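# coords please:
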Amino acid sequence: MHAVLYRTGTSLGETGQISAARDHYQHITNTATARLGEKHPDTLTAQSNLALWRGQRGDLTGSAESFTDLHKRMARVLGRNHRDTLNVQGHLAALRGQAGDPAGAAEDFAALLQRMVKALGKD
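Prediction:
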């Protein structure tokens with residue numbers, strides 16, 4: 001069921017309805033937090049999608065703050081080398097580049113690549 005909810009939000013954003021996507025994920029985040037708790041993987045996924053669409057809407061600072069907080073919590077709950085934690089780290093690197101620090105973003109991506117190969121393997 002949750003895959004349909006995530007796909008709905010992503011489809012909204014992909015069709016140019018960025019605010020609607022952000023609002024959709026805000027609702028999903030609020031509902032998941034209330035019903036499942038802050039540490040549930042579905043709640044963390046909803047928060048990640050919300051942070052992503054906040055950035056797509058132009059709120060790079062808010063998106064980066066959300067991803068930074070989310071990265072810390074995911075590392076504690078899921079582990080530093082979990083795919084979702086690594087994915088959030090990638091979003092942070094991309095935001096750093098979008099914020100005008102391409103060299104810093106490249107360094108972040110290089111470090112992320114090393115962690116991904118170590119955690120997930122070369123393939």
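
# how near is the residue nearest to A75 when sequence neighbours are not counted to S48?
In space, and not counting its chain neighbours, A75 is closest to T85: 5.4 Å by Cβ to Cβ, 6 or more residues apart in numbering. For glycine as for every other residue, the C-beta is placed from the backbone atoms N, C-alpha and C. As defined by Cβ to Cβ, to the nearest Å, T85 lies at a distance of 10 Å from S48.

# Name the SS class of the residue sitting nearest the centre point of the chain, please.
Centroid check for the chain by Cα atoms, centre = their mean gives S48 as the closest residue, at 3.2 Å. S48 falls in the helix class when you classify it by DSSP: H, G, I helix; E, B strand; the rest coil.

# Same question for the one 10 residues further on.
Reducing the assignment at G58 to three states with three-state DSSP gives coil.

# picking that back up, wait, the residue nearest to A75 sits on H71?
Yes. Contact between T85 and H71 holds when scored by Cβ atoms under 8 Å: they sit 6.6 Å apart.

# so what's the backbone phi/psi at G37?
Phi and psi for G37, reported as degrees, to the nearest 10, are phi 100, psi 160.

# which stretches of the chain form helices?
Applying DSSP state H to the chain gives helices spanning 2-14, 18-36, 41-56, 60-77, 83-98, 102-120.

# and among the ones you listed, the most buried is which?
Comparing the helices of the chain by mean neighbour count (mean count of other Cβ atoms under 10 Å), helix 41-56 comes out on top with a mean of 22.

# Give me the nearest residue to T68, chain neighbours excluded.
Using Cβ to Cβ, 6+ apart, the nearest residue to T68 is L92, at 6.6 Å.
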